[in-house]
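Student: Kindly return the folded structure for what I paste below:
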Amino acid sequence: MALPLVLVPGLMCDGATWAPLLPALQGSGQVGSLLLVDHGLCDSLLGMAEQLLADAPPRFALAGHSMGGRVALEVCRLAPGRVSHLALLDTGHAPLAAGESGQAEAQKRQVLLDIARTQGVRAMAAQWVQGMVHPERLSEQTLIDAILDMFERKSADDFERQIRALLGRPDGAPVLRGLRVPTLILTGRQDSWANVEQHRAMQALAAPEAGAVLEVVEDSGHMVPMERPAELAHALLRWLAR
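Tutor: Alright, predicted model coming up:
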């Protein structure tokens, strides 16, 4: 049976994140209606989740990448009965750390925001991307340009709003413990921002009823949907068939 599928992008990302996957997903017969989420002017994960629920079908499969994974957890917190399947991709569940660690994260994000405001969003993205794809992909100009172009479609104000949302993120552990739907937890082997151990921790927290499966995509950094679309599409189709 073809399932409605909602795809949630990450920080400063849009439908271009998912574009390389769409031919395989839409040609599979397993995906019905497809919603590519845009976070608009929201400045909280809760607001993003509420907006998604207002636009989504009554029941749907839900996949979120990076910040989008955290939005997906909020959707499951608000309306668990509407989600038939959950995929958490290159993401995390922990709230902002207390003390110096949390302050350091906030400072790193502020540095990037300052670059976006003084030098432009593309200049910020050019620095951001250095740690977000597999090191060997940094010389692939088509991939890098696609990421930079995607970021440049948004503004420094958008970036500030989304940073505010991430710094105010809630603890996703209770949501993971309450899952009752087929759950995929996936990351790139070389994702230095949302590493494999972080995803193992999410799998360990997930309720047994979710049968959470951990998959690691080889030779990929944080941007798995754009770096390794074929591998991710196959993983998502296996997930939708559960």
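Student: Give the buried residues for stretch 231-238.
Tutor: Using 16 or more other C-beta atoms under 10 Å as the test for burial, stretch 231-238 gives 231, 232, 233, 234, 235, 236, 237. In short, each C-beta sits where N, CA and C put it, glycine included.
Student: mind putting the residues you listed in JSON lines, secondary structure and distance to residue 6 included?
Tutor: Formatted as JSON lines, the buried residues of stretch 231-238 follow (DSSP: H, G, I helix; E, B strand; the rest coil; distance: C-beta to C-beta, whole Å):
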{"residue": "231", "secondary structure": "helix", "distance to residue 6": "21"}
{"residue": "232", "secondary structure": "helix", "distance to residue 6": "16"}
{"residue": "233", "secondary structure": "helix", "distance to residue 6": "16"}
{"residue": "234", "secondary structure": "helix", "distance to residue 6": "19"}
{"residue": "235", "secondary structure": "helix", "distance to residue 6": "17"}
{"residue": "236", "secondary structure": "helix", "distance to residue 6": "12"}
{"residue": "237", "secondary structure": "helix", "distance to residue 6": "16"}
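Student: which of those residues lies closest to residue 222?
Tutor: Residue 222 has its nearest neighbour among the buried residues of stretch 231-238 in residue 232, at 12.5 Å by C-beta to C-beta.
Student: picking that back up, taking the buried residues of stretch 231-238 together, which two end up most distant?
Tutor: Farthest pair in the buried residues of stretch 231-238, by C-beta to C-beta: 231 and 237, 11.1 Å.
Student: can you pull out the helices in the protein?
Tutor: 22-26, 45-55, 67-78, 99-119, 121-128, 141-152, 156-167, 173-177, 196-205, 224-227, 229-240 (DSSP state H).
Student: Extract the CA atoms of the third one and return them as CSV.
Tutor: Yep, that's helix 67-78 we're talking about. Extracted as CSV, the C-alpha positions of helix 67-78 are listed here (Å, rounded to 0.1, in the frame of the first residue of the first chain):
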residue,chain,number,x,y,z
MET,A,67,17.1,19.6,12.6
GLY,A,68,14.2,18.0,10.7
GLY,A,69,14.7,14.9,12.8
ARG,A,70,14.1,16.9,16.0
VAL,A,71,11.0,18.4,14.4
ALA,A,72,9.8,14.9,13.7
LEU,A,73,10.3,14.0,17.3
GLU,A,74,8.1,17.0,18.3
VAL,A,75,5.5,15.8,15.8
CYS,A,76,5.5,12.4,17.5
ARG,A,77,5.2,14.1,20.9
LEU,A,78,2.2,16.2,19.8
